[in-house]
Each structure stands twice: as C-alpha cells, then as structure tokens.
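Undergrad: Build me a model from this:
(2 chains)
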Amino acid sequence: MRPDQEAIVRWVPQGARVLDLGCGDGALLRSLWQQREAPGYGVEIDDESVLECVANDVNVLQVDLESGLSLFADGSFDCVILSETLQTIHRTEFLLREMLRVGREGIVSFPNFGHWSARLQIALGRMPVSETLPYEWYETPNVHHCTITDFEDLCRRVGIRIRERLVLHDGNPVTLLPNFLGSLAVYRCTAG
Amino acid sequence: MNAPHDPSSVGAASAQKAHFDQPIRLRGGAELPAFDIAYETYGTLNAARSNAVLVCHALNASHHVAGYYENDKDNVGWWDNLVGPGKPLDTNRFFVVGSNYIGSCFGSTGPASINPASGKPWGADFPVVTVEDWVEAQRLLADHLGIERFAAVIGGSLGAMQALQWTLSYPQRVRHAIVIAAAAKLTPQNIAFNEVARQAIMTDPDFHGGHYYEKGVVPVRGLRIARMIGHITYLSGEAMAEKFGRLLRRGALGFDFDTDFEVESYLRYQADKFSTYFDANTYLRITKALDYYDPASDFGGDLTKALARAEAAFLVVSFKSDWRFTPARSREMVRALLDNRRIVSYLELDAPGGHDAFLLEDPRYHGALRAYFANIEL
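TA: Numbering: from 1, shown residues only, chains lettered A, B, ... in the order given. Purely as a prediction, here's the structure:
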C-alpha cells in the first residue's frame, strides 16, 4: 500500500462506512475491511481496475466522478476518501463539495507539487517526474496539480474545515517546511 | 459456437419437465389448475445443496441455456459462451438450472397448451402472466429440485427482472443476484415499442383474436414485424452501422421494393426465422410481462422502499450502447440498493453491442462475471 493509504487506514474509525473515490484495484478498501471492519464501496471508471476490484471481492461502482455522486444520498457515509484522485479530476471544487455532501468526513491525499524536487525540475526547465509524480507530461492522468498551500487556500474558499494534516516524504512524516520537503499530503476534513 | 467435442461445453443437454398438480394463482387474478415448467440442468448439485445457480431467460430464449441436443447438434444453448466447464459460470463448480416460464412456447404450460376446461388449446384464454408469477413458478421448481437457497440467480433483460424479483419475493432464498442489462420498470418509450409489436400481431388477419391454432394458421406477418421492431431496438446504431453499413444486396439500387440494403435482408431473415419457432400468443404475453413489471408501484413509485426487502448481494451490469435498457435505468436500481445499504457492485461497460451485448462475449464483461462467480463461497 502507498504511504498515504497507510495513514488513511489509521484515520478511519472502526466499523465506519467508507466510500473510496477512484479506488483503483480496491486494495485500500480491502485493508479497511480487514483492519478496521469498515464496509465500503469504491468508485472507479477504469475497466481493468473495476475488474480487479471484483476479483478482490470489493464492492465497486463504475461511474464517472466528473458527473458527481448522484448515486449516493446525503450523509450516507462516515468517511469519503479521495486517495490521490483529486489531481485527476476536472471539476475539483464540485467533487470536494460532493464528497462532504455524501460523507460526514473527507480524507484527501495528493502529491505535493510544491516539493523541492518539483520546484527544482521546473526551475531547470522541465515538468517534474518523481516517485509521487511518476508520469511524463504527455501521458499523465493528472489534470490539476496543486501545492499544500494551494489546497489549503481552496479549502478556506470553499468552506472546508481541515481537521488534521499529515505530510509525508518517502513514507516518513515531514513537519519542517512541509510545502517544500513533503511530497505527499493527506488531510482529514469536514464541512464548515 | 462450440463443437460438440469442445471440453468447455456442457455437452448433450436434455430438456426436462416438472409437472405441478396444484393450482397457481396469478397476479392478474386468474388461476392455472396445473402446470408444467420446462428446465435443463448442468453440473451437479453438491451435498450441501449450496451451489445452485438459476439462469432466467429473456424474451425469445428458453431453458436451453448451454450445450446442444443429441438429435439437434446445431441447437446450441443461448448462453453457451458463459455456462460450461471452465467457463465464467463454471459447471464444474456450480449446479446450473435453466428455467423456462409459464406462458412460454418452449415446453412449459402456455397458450398453445391444452386448456383442461375445454379440451382445446388455451389460445387467447391463456391468462396474462407476470414476472412475479414466473418467480412463483420457479420457486416451486426450486422446491421440486431440493434447492432451498440459490448461490446466485442471474439473468439479462427480462431475465434480469426475474433475478431482481427473486430477491424481493424470496429474499432468503437468493445469496447473489446478477442483474444485467436491466430496468426496474420500462419507460413509456419501451412500452411503446412493445405495443407496436403487439399491434402487428393482433391486426394480422391470421391472428383470429388469439384462437389461430384451431384454424391451422399462424399470424406470420404480425410475428415478423414484431420481431423486426424488437430486433432493431436490441442492437445499437453503432453495431448496425458496423455490421451492415449501407451495403447493397444487389450491388446497385434496384429502384423497386425488393431488398436494396443488407440490413433489410438481415431483418427479413431474422423475421422469417423467428416466425417459424415463436408463438404469437406467447409474444403478446411476454411483452405484457415486461410492461407490467414495476416493483416500486406498490410503494408509491419509491424503488428504495421496494428494494428494502432484498437481502442478496448484487452485481448490476449495464452497457453504454444499450438504448433500450439504458445505464440510467441500472443506476436507479444501484441507487436504491445503496440507499438500503445493500452489498452491490455496478459495471457500466463501454461495449458496442446494444441491448444484446449481454449475450455477447466481451472480455471485460465475462472477466467480471468469472471473477464474481469465483468469489461466491459454496
């Protein structure tokens, strides 16, 4: 599992109802069930990943996140997870609002574009490629990169309250200059 | 299509018939004094009786789901690509039951059967049957076969409506429901297509108000048109364009009313074939069963309330090119199941085949069914 997902498993309370948006092969949901007895559903658009979810015995719903979460009633989940999904979404603000409509709490993780290596690569005239940003510019599924500061600005503007933040690099917590030394950010947040 | 020696074929199948010498009261109020249900089985029921899978068929199919008939080797079951040894619905592991339904023309009691009250074929007097009635009859078949609980009930289209209804009529007797290319109710547009088909049949001079058996005729013209309109709606525009384009049958336009385009020839061929084996009275009843199905109607139209009874785990599958039973209809069911906190997975596949995609072999579709069945504990 990715380091952000390990943090997510720690944050999800025992038995919580979870919704994992952009769940990939369902590994996180499987861990949540095994370690937290948290039943959940994943949302995934990619055919191959959906098939892996079915094989992993994870509940998966093949719908497009860009069209919102109309399948889900208000407040129907304890926890809605966007694990390294937000940067692949066109309608960022809309999805964040949807997340906190259907969930009482949201967990969001994303690669920090403010990490020094990204800044350095840009300064040297190239799009950054790293462990947390593993794609070349022409093949990346990411459409909206942001830094830790950018994300927190957006949360303030949209009225999302950040309850907890964990910044990581190489799986280890970063407390000093997080927007410069952290390559992955994980947030626990609620509405208002 | 599988050759008879194919190790992934269930081999020679034999149709069986269960006779029920007890009256069945139908949703419409009528009662059948006794009835037969035709069925086939593949694989072996295990000692715990926990590996039975019921396959429900759609409009023009039957209980002949897989394999072939010894005396008719070209007659391969309609879902043979899915059901067999080593296939996604693996008959080495599961005991598969293909069930026909009352009102059919393939062996179960239907309009062409003899009405014991008159000694003549039922014809127009055969009652209108519903999805709920079929499930009730299948429940009696399950009892007859000693199956207390199905590991899964699976179907596409009208077959999927039966699978869904099983979870509502007998929630505790279904562990998994696999609901493919389905809708929890038809749209007015869908009902309209069915009405065109029925009108084609009923206005055929050979229909005789449904009592054509005794006249020794068949309303072939009506059946042909009914099949044509149905067939058009089961295919996607894209699939038709791919298959036929604007190819000309005779190389050039004929400037007459013979078949110009390949697609016309194909429709005529399908219509001819259908009218030789399908019964017009059955067609009328099956389309009515489709039109009437609406489990939410008893709950003020609230599907969430209607599905609250279901206990099964669901796999719902739709196809993007299916404009007869669109993905939006499947998502309504998924939403209602989620509202009820049921276990559900939903696949919305970008397959080009239209409504008939549920019959075709698509690696994502069959891969998902294979994985799903493999995870069903016995």
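Undergrad: so what's the residue of chain A found nearest chain B up against?
TA: When scored by CB to the nearest CB, chain A has A:A55 as its residue closest to chain B, at 4.0 Å. Quick note: C-beta positions are derived from backbone N, CA and C, even for glycine. Counting by CB atoms under 8 Å, 6 or more residues apart in numbering or on different chains, A:A55 makes contact with B:371, B:374-375.
Undergrad: Narrow those to just the buried residues.
TA: Applying 16 or more other CB atoms under 10 Å in any protein chain shown to the contacts of A:A55, the neighbour count classes B:A371 as buried.
Undergrad: quick one: which of the contacts of A:A55 sit in helices?
TA: B:371, B:374 (DSSP state H).
Undergrad: Nearest to B:G230, out of the contacts of A:A55: which one, please.
TA: B:A371 (31.9 Å; CB to CB).
Undergrad: Quick check: pLDDT value at the closest residue in space to that closest one that isn't next to it in sequence.
TA: Among residues not flanking B:A371 along the chain, A:A55 sits closest, at 4.0 Å (CB to CB, 6 or more residues apart in numbering or on different chains). Per-residue pLDDT puts A:A55 at 97.
Undergrad: For B:P23, see how far away A:A55 is.
TA: 46 Å (CB to CB, to the nearest Å).
Undergrad: roughly how far apart are the residue nearest to B:A371 and B:V317?
TA: Counting by CB to CB, the gap from A:A55 to B:V317 is 15 Å.
Undergrad: A:N142 now?
TA: 30 Å.
Undergrad: List the contacts of B:G28.
TA: With contact taken as CB under 8 Å, 6+ apart, B:G28 is in contact with B:127-130.
Undergrad: Point out the residues in chain A that sit beside chain B.
TA: A:17, A:41, A:47, A:50-51, A:53-55, A:57, A:59-63, A:70-73, A:76 (CB under 8 Å from any CB of the partner chain).
Undergrad: quick one: the helices in the chain?
TA: You didn't say which chain, so I picked chain A. A:3-11, A:27-36, A:47-55, A:92-102, A:116-123, A:148-158, A:178-181.
Undergrad: Chain B, not that one
TA: Under DSSP H, chain B gives helices at B:131-145, B:158-169, B:188-202, B:220-234, B:237-244, B:262-277, B:280-292, B:303-306, B:327-339, B:363-374.
Undergrad: right, so the ones you listed: which one is the most enclosed?
TA: helix B:158-169 (a mean of 27; mean count of other CB atoms under 10 Å in any protein chain shown).
Undergrad: Hey, what's the angle from that one to helix B:327-339? Just curious.
TA: Here the directions of helix B:158-169 and helix B:327-339 differ by 20 degrees (axes from the mean of the first three to the mean of the last three CA atoms, to 10 degrees).
Undergrad: Just the mean pLDDT for helix B:158-169, thanks.
TA: For helix B:158-169, the mean confidence score works out to 98.
Undergrad: With stretch B:68-75 instead?
TA: pLDDT averaged over stretch B:68-75 gives 95.
Undergrad: again with stretch B:89-104
TA: Average pLDDT, stretch B:89-104: 97.
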